[in-house]
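Fold the stuff below for me.
(chains A and B)
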Protein chains: 2
Amino acid sequence: MQLLNNRSAQLRAPGKRVSRARVAVVRAAKTADGPRVAIVGVTGAVGQEFLTVLKERNFPYSDLKLLASARSAGQKQEFEGHTYTVQELTENSFKDVDIALFSAGGSISKKFGPVAVKDGAIVVDNSSAYRMTEGVPLVIPEVNPEAMSHIKVGKGGAIIANPNCSTIIALMAVTPLHRLATVKRMCVSTYQAASGAGAAAMEELRQQTRDVLDGKPAQPKIFPLQYAFNLFSHNSGMDVELGYNEEEMKLVKETRKIWSFPSVRITATCVRVPVMRAHAESINLEFENDISEAAALEALAAFPGVSIINDRQNNRFPTPLDATTKDNVFVGRVRRDISRDDNKGLDLFVCGDQIKKGAALNAVQIAELLLK
Amino acid sequence: MQLLNNRSAQLRAPGKRVSRARVAVVRAAKTADGPRVAIVGVTGAVGQEFLTVLKERNFPYSDLKLLASARSAGQKQEFEGHTYTVQELTENSFKDVDIALFSAGGSISKKFGPVAVKDGAIVVDNSSAYRMTEGVPLVIPEVNPEAMSHIKVGKGGAIIANPNCSTIIALMAVTPLHRLATVKRMCVSTYQAASGAGAAAMEELRQQTRDVLDGKPAQPKIFPLQYAFNLFSHNSGMDVELGYNEEEMKLVKETRKIWSFPSVRITATCVRVPVMRAHAESINLEFENDISEAAALEALAAFPGVSIINDRQNNRFPTPLDATTKDNVFVGRVRRDISRDDNKGLDLFVCGDQIKKGAALNAVQIAELLLK
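I've put the predicted structure just below:
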């Protein structure tokens, strides 16, 4: 395989300086019997984060193929001491791939997902294309790993969907509480970062902010409205009859599927705020059964992937910056809902890195589950 | 009176160029039988906005006295073509004052409010000092003007409290719906601007943002955490037992007082976002009776001081920038709550200028009510 050969050649190249640490990482990650991995959409914000996460978690791939559109093909990508050439995504891209991490938008997933499956690859898809498709598992590894337990590497192609970022971040916090007392109704208001709309949206926020500080007019391109020092209703498509946007409906529908709990009641208001890459969510919960603050905090502390920042004395609770580039989802403001007379209500505030646990990390965790 | 004389002298000053428009405004606002007005805390963000609003609304004062701390005394203040000298606030400041607009913090209101009342002035207090004091009307003129109907200029001193900014902005939107179907429970998540913490907080947001864009570390001074491209739980004092902060409890307690409805159920999560001077609020409402979207929009359209931006086709809803420096509160995202089977739930999104309707405008409207 071309990329494998490239890499081996580089590892052997005389005179090339490779640090000990780097070699150690490469040796550990590069395992002869590991899966052959492809990244589709490697030049995007999430695509780049796939690489970061594969490296951080020492993912044992035996081969790595970096795919993108014809426009990006030929670009060089440094990774773990090697220079990869980004290849154009084509119908033939998946002949020698075991796991394909897709993050190139829904239409690419719809077109090339089935191609990869036909060639026997397991697609972990970060787009919304297959999330609600019957038979496609929609997985947060800490929450519902059992949904994908029938899928194995080398036993035929399949698609596993990565949930939407705001769903993942909400459910990392709410699932341990749901297991404790059964969520009846969830009312969510989000504070969503630029990264959800990609790297260019993050740059738009930076550029607009610079312009506004310099007294120049903001120039909206990706988003229809000024983003600098402003916020607006989430820019996803709106169901004109219902009045909910797609981001909100994802939270509703994906939660029902992930929890296998179609009757759970959810309303959400999704808002884009001028923050770079971590989402925050204010969540009001109504439970079937009693739940105390202490029990909730205990369940959250015991849940993998959750960190608690809940210091009332010092008014210190999660912020997007706490979560930025972090694996864990941060939970705080955990308190009994004072609008209720009973002990069946809780409020909380959650922050999670949109690119990481909201996208790339969750997908790589799914890939790791496939290897177990 | 010194200031009156100063101003008359300037109007007559030979060679001073005064535009016709300026003269017209001054003549209309300056009415011989109008009340004598004092502004306490004139150098602050809200104090400055008092001046803007008095001018915009052509408030018919016969005299204007600008008061601040000893530190600011002596500063010059241009207003309606005249140069005022800011005077130090003392025990003798209110001898010749009919209406005193206070916005210099709770401790100043507690110390000098009673002094002004003793001298026969009506204090319109923007601090939280007297909001929950029995016998002190807490007024949003569009909502509960009747609460202050017993107070008249020249009939003895009194205090009228201006509600907290987030309460005013929420209730401008929710009151017409409450009148229609009776609010049973309200769940609010706020997106609050820098201005609520004063002009220095707005400057801190600007400076930090500049620093972060330049790759320098943010230097938090007023707020304990980085504000640039970040957000955090509201920085007001926390009730360590309940887990709610003061800003949230104001929304709960003030709403009950303004509506004379002590049993209304409210939970709130108050969050500071990197926006300059308009608050946003995501509000989920549960009603005693059925309420349709159409009826809600009709009631909102008919309510004074409310503008609707609710364009689902174009995904256009209120933003803080829409509300910035505007008198009206902007309401949108009005929709039936899909987490309920009945027609007793609504979601909405509200934006209002924190300095204007959230503070200075509401206070001046109270002063206008006094003149009716």
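
give me phi/psi at the closest residue to A:V86 other than its chain neighbours?
Excluding its sequence neighbours, the residue lying closest to A:V86 (CB to CB, 6 or more residues apart in numbering or on different chains) is A:Q75, at 4.4 Å. To be clear about C-beta, it is placed using only N, CA and C from the backbone, and glycine gets the same treatment. Phi and psi for A:Q75, reported as degrees, to the nearest 10, are phi -60, psi 150.

Could you report the pLDDT at A:Q75?
pLDDT for A:Q75: 97.

and it, how far is that from chain B?
Noted for A:Q75: a distance of 25 Å to chain B, by CB to the nearest CB, to the nearest Å.

And for that residue, the neighbour number?
Counted with other CB atoms under 10 Å in any protein chain shown, the neighbours of A:Q75 add up to 14.

so it makes contact with A:T83?
No - counting by CB atoms under 8 Å, A:Q75 does not reach A:T83; the two are 10.5 Å apart.

As a check, name the ranges of all helices in chain A.
A:2-12, A:20-29, A:45-56, A:106-118, A:165-181, A:199-213, A:246-258, A:293-302, A:320-323, A:361-371 (DSSP state H).

can you tell me which of those the model trusts least?
helix A:2-12 (a mean of 33).

What's opposite whichever residue of the stretch 251-372 of chain A sits closest to chain B in the beta bridge?
For the stretch 251-372 of chain A, the residue closest to chain B is A:R335, as judged by CB to the nearest CB, at 3.1 Å. Taking DSSP bridges as the rule, A:R335 bridges to A:D347.

Let me know the pLDDT of it.
Taking A:R335 on its own, its pLDDT is 98.

Please report the distance of it from B:E203.
In this structure, A:R335 and B:E203 are 33 Å apart, going by CB to CB, to the nearest Å.

which of the two has more neighbours?
More crowded of A:R335 and B:E203, by other CB under 10 Å: A:R335, with 23 against 13.

can you pull the contacts of the more buried one?
By CB atoms under 8 Å, 6 or more residues apart in numbering or on different chains, the contact list for A:R335 reads A:E293, A:L346, A:D347, A:L348, B:L242, B:G243, B:Y244.

residues touching the residue of the stretch 51-200 of chain A found nearest chain B, list them.
Residue of the stretch 51-200 of chain A nearest chain B, by CB to the nearest CB: A:S189 (3.6 Å). A:S189 makes contacts with A:A268, A:T269, A:V271, A:E281, A:S282, B:S189, B:T269, B:S282, as judged by CB under 8 Å, 6+ apart.

That one bridge partners, please.
Listed by DSSP bridges, the beta-bridge partners for A:S189 are A:T269, A:S282.

Need the pLDDT of it.
98.

That one and A:T269, how far apart?
Taking CB to CB, one finds A:S189 at 5 Å from A:T269.

any shared contact partners between the two?
Shared contacts of A:S189 and A:T269 (CB under 8 Å, 6+ apart): B:S189, B:S282.

Kindly report the domain assignment for chain A.
A:2-129, A:166-354 (automatic domain parsing).

I'd like to know which of the ones you listed lies nearest to A:A363.
domain A:2-129 (4.7 Å; CB to CB).

closest point of the stretch 1-150 of chain A to chain B, which residue?
Using CB to the nearest CB, A:A45 is the residue of the stretch 1-150 of chain A that sits closest to chain B, at 15.7 Å.

Leaving out chain neighbours, which residue sits closest to that residue?
A:A199 (4.1 Å).

Ok, A:L361 next?
Of all residues not flanking A:L361 in the chain, A:V53 sits nearest, at 5.1 Å (CB to CB, 6+ apart).

For the one you found, the count of nearby residues, please.
Neighbours of A:V53 (other CB under 10 Å): 24.

Isn't it up against A:N362?
No - between A:V53 and A:N362 there is no contact under CB under 8 Å: 9.4 Å.

Next, the contact list for the residue of the stretch 1-150 of chain A closest to chain B, please.
A:S195, A:G198, A:A199, A:M202, A:I355.

likewise A:S69?
Per CB under 8 Å, 6+ apart, neighbours of A:S69: A:E88, A:L89, A:A104.

Widest-spaced pair of the contacts of A:S189?
Across these, no pair lies farther apart than A:A268 and B:T269, at 14.2 Å, counting by CB to CB.

More neighbours: those two, which one.
Of the pair A:A268 and B:T269, A:A268 is the one with more neighbours under other CB under 10 Å, namely 30 against 26.

list the contacts for that one?
A:S166, A:M186, A:C187, A:V188, A:S189, A:T190, A:Y244, A:E247, A:E248, A:L251, A:V252.

if you set the cut-off to 6 Å instead, what comes out?
Contact analysis of A:A268 by CB atoms under 6 Å, 6 or more residues apart in numbering or on different chains lists A:V188, A:E248, A:L251.

Next, count neighbours for the first one.
It stands for A:V188. A count of nearby residues for A:V188, using other CB under 10 Å, gives 27.

From A:I258, how far out is it?
Look at A:V188 and A:I258: by CB to CB, they are 15 Å apart.
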